[in-house]
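Novice: Show me the folded form of this:
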Amino acid sequence: MGVVLILLVTVPLAAGIVALVAPPRLTRAVTVGCGVTCFALAVSLVGAAGSGEVRAARYLRVDALSVVFLLATAFLYACAAAYAVGYVTPEKGEADFPRYARRFYAGLNVFAWSMLAAPLVNGLALLWVAVEVTTVVSALLVAIEDTDGAAEAAWKYVLLASAGLGIALLATIVMYYAGSQVLGASYELTFDPLLASAAGLPAGAVRLAFVLAVVGFGTKMGLVPMHTWLPDAHSEAPTPVSALLSGSLLVVSFYAVLRYFQVARAAVGPHFPQTVLLVFGVASLLLAALCLLDQPDVKRLLAYSSVEHMGILAVGVGFGAPLALAGVLLHVLAHAAAKGNAFFGAGVLVRKFGTKSVTEIRGALDALPWTAPLFLLAVLALSAFPPFGLFRSEFQIVAGGMAASEHALAAVLVVLVTVAFLGLSLVTTRMVFLPRRHPRPGDAALQRSEPSAAVAAVARSEPSGWMVAPMVAGLVALVVLGVHPPGDLTDLLSRAVAELRGLG
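Specialist: From the prediction side, this is the model:
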């Protein structure tokens, strides 16, 4: 299986290089083929990683925990690649469409490559490098539309993410120092030696490294109060990039936090790292739930939903119970599918109505017979409605919290998730079900207050079948994860939980 790891870190990079020189038609085909291939390669690792580690080329290594995050990224990569075929078209109005398409597809493939590389590399130092690469590439993609808003969002993202990763680099250095007290002054920061010697690591240094890692990588993950770049970047980025940012990039940073969590738990026990994550998780949930009650921009609405779900992940790990940890890992997969669908649907809405304002998008069900229901189902999935995967994962997290005797925090989690649901559902139902208002003769007040809503009805049609197909695939994945996850996937999640608890 080692060749699979090598292919996962070479195929997307090769596709990015091809995109720089090939015509748009070939580039689209290569990108879609590469996305589907990477997902198939990730699926092929499920059985092998469920029974042990897979290694290749010295610095490539996956275990069950790694494969969970590979699956989330690879699935969303395949869906985003297909969606981009309908999204990136000459009708978007670029003066030089072939040049724009080459830059976009090259960036998309390299971005996916960097996010696939992060769970594949063996070591905290290489992991930091991979996450840093994701920052550089994704910032360029955020700014690719070349608008004032996109440029501002990209600069804000670069500044905050770089500051966070500077703190994460300090965490890497401190952890290296901790390991040097047992492993000697010169050693490689790979996972196995650190975990094997964790009991002898100096507790103070490990605690400091973990807090720095949570703050540093938590900046990229979108934890409060380091989240401020996220709504701007996700709102201004092209829709396929927004989907990858929310569904994949954030959880790749969460993966880095989990690697430090493994070491900290083995070195100082579970109480300290779990408490730190509970604090950041509850703060993220609280702010996101309140912000979701009043968001004027549909993509910013979904961005704050991502902050909410990152808070849920942090709280779930903070509970520490095996059931909660299993729910967290299932949540990573289900959130990727649901958030991808939500952003894909939002992208179609914005294309169809010509605005991101939630007050000006009305009558979506009449205008978009496929996208509107799929978008509504994606929002219901994000709100943890059955039978979708996020219902199952959040139920496990809450049940795990109860099993860990964290009854008050489990209740807080339920309340805040409910508040977030109210915000999401109110906005979405208005966009989907409320009819568009049409101006009457002399109705100047309506035209002044709602200029876009006052225009004639939008034609009933979908912009592109390529933009609908990935949402159908995401919906199928959400139902499968919610109703009956495959046996091999369940075994993979169980082994990943054991690895997190130091039993793997």
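
Novice: What's the first helix or strand after the lowest-mean-pLDDT helix or strand in the chain?
Specialist: Least confident helix or strand of the chain, by mean pLDDT, DSSP states H and E, is helix 444-449 with a mean of 44. As assigned by DSSP states H and E, the chain's next helix or strand after helix 444-449 is helix 465-483.

Novice: so what secondary structure elements neighbour that next one?
Specialist: In terms of contacts (3 or more CB pairs under 8 Å, 6 or more residues apart in numbering; DSSP states H and E), helix 465-483 is packed against helix 64-87, helix 322-353, helix 371-382, helix 389-403. (C-beta placed from N, C-alpha, C; glycine too.)

Novice: Can you add mean neighbour count and distance to Val54 and give those helices back as a markdown table?
Specialist: Below are the helices and strands packed on helix 465-483 laid out as a markdown table (neighbours: other CB atoms under 10 Å; distance: least, CB to CB, whole Å):
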| stretch | mean neighbour count | distance to Val54 |
| --- | --- | --- |
| helix 64-87 | 27 | 9 |
| helix 322-353 | 27 | 18 |
| helix 371-382 | 24 | 31 |
| helix 389-403 | 23 | 25 |
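
Novice: Columns distance to Leu424 and mean pLDDT on top of the ones you listed, output as JSON lines?
Specialist: JSON lines is the format used below for the helices and strands packed on helix 465-483 (distance: least, CB to CB, whole Å; pLDDT from 0 to 100):
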{"stretch": "helix 64-87", "distance to Leu424": "20", "mean pLDDT": "97"}
{"stretch": "helix 322-353", "distance to Leu424": "9", "mean pLDDT": "96"}
{"stretch": "helix 371-382", "distance to Leu424": "5", "mean pLDDT": "96"}
{"stretch": "helix 389-403", "distance to Leu424": "12", "mean pLDDT": "97"}
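
Novice: now those as TSV including distance to Leu208?
Specialist: Listed next are those as TSV, based on distance: least, CB to CB, whole Å:
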stretch	distance to Leu208
helix 64-87	23
helix 322-353	24
helix 371-382	35
helix 389-403	27
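
Novice: For the helix or strand Gly47 falls within, what does the pLDDT average out to?
Specialist: Taking DSSP H and E as the criterion, Gly47 maps to helix 24-49. For helix 24-49, the mean pLDDT works out to 94.

Novice: Give the buried residues for that helix.
Specialist: 24, 27-28, 30-32, 34-39, 41-43, 45-46, 48-49 (16 or more other CB atoms under 10 Å).

Novice: between the helices and strands packed on helix 465-483, which gets nearest to Ser246?
Specialist: Closest approach to Ser246 among the helices and strands packed on helix 465-483 is made by helix 322-353 (4.6 Å; CB to CB).

Novice: Which element, helix or strand, includes the closest residue to Cys291 other than its chain neighbours?
Specialist: Once flanking residues are discounted, Cys291 sits nearest to Tyr304: 4.5 Å by CB to CB, 6 or more residues apart in numbering. Per DSSP H and E, Tyr304 falls inside helix 298-319.

Novice: quick one: that helix to helix 371-382, angle?
Specialist: With axes from the mean of the first three to the mean of the last three CA atoms, to 10 degrees applied, the angle from helix 298-319 to helix 371-382 works out at 20 degrees.

Novice: just the angle between helix 298-319 and helix 322-353, please?
Specialist: On the basis of the same axes, to 10 degrees, helix 298-319 is oriented at 180 degrees to helix 322-353.

Novice: Can I get helix 298-319 in CSV, CA atoms only?
Specialist: Output of helix 298-319 as CSV, limited to C-alpha atoms (Å, rounded to 0.1, in the frame of the first residue of the first chain):
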residue,chain,number,x,y,z
VAL,A,298,-25.2,33.8,2.7
LYS,A,299,-21.6,32.7,2.5
ARG,A,300,-20.7,34.5,5.7
LEU,A,301,-23.6,32.6,7.3
LEU,A,302,-22.0,29.3,6.3
ALA,A,303,-18.6,30.5,7.4
TYR,A,304,-19.9,31.1,11.0
SER,A,305,-21.5,27.6,10.8
SER,A,306,-18.0,26.3,10.2
VAL,A,307,-16.8,28.1,13.4
GLU,A,308,-19.7,26.4,15.2
HIS,A,309,-18.8,22.9,14.0
MET,A,310,-15.1,23.4,14.8
GLY,A,311,-16.3,24.2,18.3
ILE,A,312,-18.3,21.0,18.4
LEU,A,313,-15.2,19.0,17.4
ALA,A,314,-13.1,20.7,20.1
VAL,A,315,-15.8,20.0,22.8
GLY,A,316,-16.2,16.4,21.6
VAL,A,317,-12.4,15.8,22.1
GLY,A,318,-12.7,17.7,25.4
PHE,A,319,-15.2,15.2,26.7
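
Novice: by contact count, what packs against it?
Specialist: Applying 3+ CB pairs under 8 Å, 6+ apart, we find helix 298-319 packed against helix 229-236, helix 239-244, helix 250-268, helix 271-291, helix 322-353, helix 389-403, helix 407-433.

Novice: What residues sit buried inside whichever strand or helix holds Lys220?
Specialist: Per DSSP H and E: Lys220 is located in helix 203-221. Within helix 203-221, the residues that qualify as buried are 205-221, counting by 16+ other CB under 10 Å.

Novice: by how many degrees do it and helix 298-319 diverge?
Specialist: Angle, helix 203-221 to helix 298-319, by the same axes, to 10 degrees: 160 degrees.

Novice: Which other helices and strands does helix 203-221 contact?
Specialist: Contacts defined by 3+ CB pairs under 8 Å, 6+ apart place helix 203-221 against helix 124-142, helix 148-183, helix 250-268, helix 271-291.

Novice: If we use 6 Å, what do you get?
Specialist: helix 148-183, helix 250-268, helix 271-291 (3 or more CB pairs under 6 Å, 6 or more residues apart in numbering; DSSP states H and E).
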